[in-house]
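# Output the structure for:
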Amino acid sequence: MDIQPHTRFSLAAVFLLIFLLLANAANGLYAGLLIQSSPVFQLASTLAFLWVLGWWIIDDDKIYGLTWVQSYGVFLYIISWIIIPIYLFRTRGSKAFLFLLLFAGIYLATYIFSVMIAVMINVLRNF
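Next up is the predicted model:
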């Protein structure tokens, strides 16, 4: 299988990045403010994550010409954290390490930043 590298970002990839930033910032604010996130938020963020992740994989499959499974929803819900690294290594080779490190960095940075903001809000509220 001859897979050619592509450098353009699809709309699905941009939405995935924006979703990860916003959802993780909200989770960090909930944690920093010491309040439990609502079940509606948890359900909505899980469903939105699966939707945007599935959209990105289907869109990326079109770019690279790969075909995986017929039911992406169940497949992603059950084993998404295993499938995504495999998919990245299959389509991008060794550059997958860069994508995974970028993902982990964005995840940690937004969470830490939003927790710090929430702690400052708590300090100012009690000051």
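# Report pLDDT for residue 33.
pLDDT, residue 33: 88.
# oh, I was asking about residue 116
Reported pLDDT for residue 116: 92.
# So what's the residue count around it?
12 (other Cβ atoms under 10 Å). All C-beta atoms are positioned from the backbone trio N, CA, C, and that covers glycine.
# burial count for residue 56?
Quick note: residue 56 (other Cβ under 10 Å) scores 21 neighbours.
# in this protein, which residue is closest to the centre?
In the chain, the residue lying closest to the centroid (Cα atoms, centre = their mean) is residue 20, at 4.4 Å.
# Quick one: list the elements packing against the helix or strand hosting that residue.
If you go by DSSP states H and E, residue 20 is part of helix 11-32. With contacts taken as 3 or more Cβ pairs under 8 Å, 6 or more residues apart in numbering; DSSP states H and E, helix 11-32 sits against helix 39-64, helix 96-126.
# Of those helices, flag the one that's most buried.
Among these, helix 39-64 has the highest mean neighbour count (mean count of other Cβ atoms under 10 Å), at a mean of 15.
# got the angle for it vs helix 11-32?
150 degrees (axes from the mean of the first three to the mean of the last three Cα atoms, to 10 degrees).
# could you point out which element follows helix 39-64?
Next along the chain after helix 39-64, taking DSSP H and E as the criterion, comes helix 72-92.
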